[in-house]
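> Give me coordinates for this.
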Amino acid sequence: MNEIVNRYLETWNATDASVREALLDQHWSEDCVYVDPLAEVQGREAVGAVIEAVHGQFPGLKFSLVGDVDGHHQQVRFRWGLGAAGEEPVVIGFDVVVLDGQQRIRDVRGFLDKVPG
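Got it, this is the predicted structure:
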């Protein structure tokens, strides 16, 4: 399950649109769904747009794993942080990722635990 989380974070950290699109095509199902307190979208293109908007709001910051990964069957949960390398994350969240039969990301339900004031 750690590999799934690594692919997920790699997609979120891709600042180049063509790299991000390739990662979405490879690791996310075509009809994927992403829901968090600020977004509810369906499809790779829409997920890519959400990721691009986050990069616009937090330029230069990177997503990283915070804590352990817990998974079973076709689902995994984990905490992530968004921040500068080596510094306390400015945003911390908790996501649950559900996979399809080909081990691609099909459904993401995200929660925000810490956000900037």
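> Packing partners of the helix or strand Leu65 falls within?
Element membership of Leu65, judged by DSSP states H and E, is strand 62-72. With contacts defined as 3 or more C-beta pairs under 8 Å, 6 or more residues apart in numbering; DSSP states H and E, strand 62-72 has these neighbours: helix 2-13, strand 75-83. Bear in mind the C-beta positions are built from the backbone N, C-alpha and C, glycine included.
> The top helix by length along the chain versus helix 2-13: what angle between them?
Ranked by residue count under DSSP state H, the longest helix found in the chain is helix 44-57. Interaxial angle, helix 44-57 versus helix 2-13 (axes from the mean of the first three to the mean of the last three C-alpha atoms, to 10 degrees): 60 degrees.
> who does helix 44-57 touch, helix- and strand-wise?
Packed against helix 44-57, as judged by 3+ C-beta pairs under 8 Å, 6+ apart, are the following elements: helix 2-13, helix 17-27, strand 28-36, strand 39-42.
> To Gly93, which of these lies closest?
The closest of the helices and strands packed on helix 44-57 to Gly93 is strand 28-36. By C-beta to C-beta, the value is 7.3 Å.
> thinking again about what came up before, could you identify which of the helices and strands packed on strand 62-72 is most buried?
Per-stretch averages of neighbours, counted by mean count of other C-beta atoms under 10 Å, single out strand 75-83 among the helices and strands packed on strand 62-72, with a mean of 19.
> Could you point out the helix or strand that follows it?
Next along the chain from strand 75-83, counting by DSSP H and E, comes strand 91-99.
> Can you list the strands that that next one pairs with?
Sheet pairing of strand 91-99 (DSSP bridges) gives strand 75-83 (antiparallel), strand 105-114 (antiparallel).
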